[in-house]
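Participant: Here you go, sequence then predicted model.
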Amino acid sequence: MKLIINGETKEIKEAISLPELLIIENVEQPDMVSVQLNDEFVRQDEHKSVVLKEGDEINFLYFMGGGA
């Protein structure tokens, strides 16, 4: 199954859940990352129920603090 992950097309096994993808993609601090699925944000409490499908576009967004 092909997914677009952070703008890059990748081949992934069938029937993968969002938490499994976070592990496969070595996402550091998965509790702190925001996930966008097909241009919509997925709430943290919904991650476990999301099963990805062919052609889904997933973006992992990391928010950084700081400033000058």
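Facilitator: Yes, it's here.
Participant: my read: residue 2 touches residue 8, true?
Facilitator: No. Counting by CB atoms under 8 Å, residue 2 does not reach residue 8; the two are 10.7 Å apart. The way it works is simple: take the backbone N, C-alpha and C, and place the C-beta from them, glycine included.
Participant: Surely residue 23 is in a strand?
Facilitator: No. Under DSSP: H, G, I helix; E, B strand; the rest coil, residue 23 sits outside any strand and is assigned helix.
Participant: Just give the number of residues close to it.
Facilitator: Residues near residue 23, counting by other CB atoms under 10 Å, number 11.
Participant: now residue 52
Facilitator: 21.
Participant: Who are the contact partners of it?
Facilitator: By CB atoms under 8 Å, 6 or more residues apart in numbering, the contact set of residue 52 is 1, 3, 12, 16, 17, 18, 21, 37, 58.
Participant: before we move on, the earlier item: which one of residue 2 and residue 8 is surrounded by more residues?
Facilitator: The residue with more neighbours, out of residue 2 and residue 8, is residue 2; 10 against 7, by other CB under 10 Å.
Participant: For that one, give its distance to residue 23.
Facilitator: Between residue 2 and residue 23 the computed distance is 19 Å (CB to CB, to the nearest Å).
Participant: Now that we have the contacts of residue 52, which of them are buried?
Facilitator: By neighbour count, with 16 or more other CB atoms under 10 Å, these hold 3, 12, 16, 18, 21, 37, 58 as buried.
Participant: Going by distance to residue 44, which of those residues wins?
Facilitator: Set against residue 44, the nearest of those by CB to CB is residue 18 (10.4 Å).
Participant: Dihedrals phi and psi, that closest one?
Facilitator: The phi/psi pair for residue 18 (degrees, to the nearest 10) reads phi -60, psi -50.
Participant: Does it touch residue 30 like I think?
Facilitator: No. Residue 18 is not in contact with residue 30 according to CB under 8 Å; the separation is 9.4 Å.
Participant: Do a quick rundown of the helices in the protein.
Facilitator: Secondary structure of the chain by DSSP state H: the helices cover 18-24.
Participant: Where does pLDDT dip in it?
Facilitator: Applying pLDDT under 70 to the chain flags the ranges 64-68.
Participant: mind listing the strands for it?
Facilitator: 2-5, 8-11, 34-37, 40-42, 57-61 (DSSP state E).
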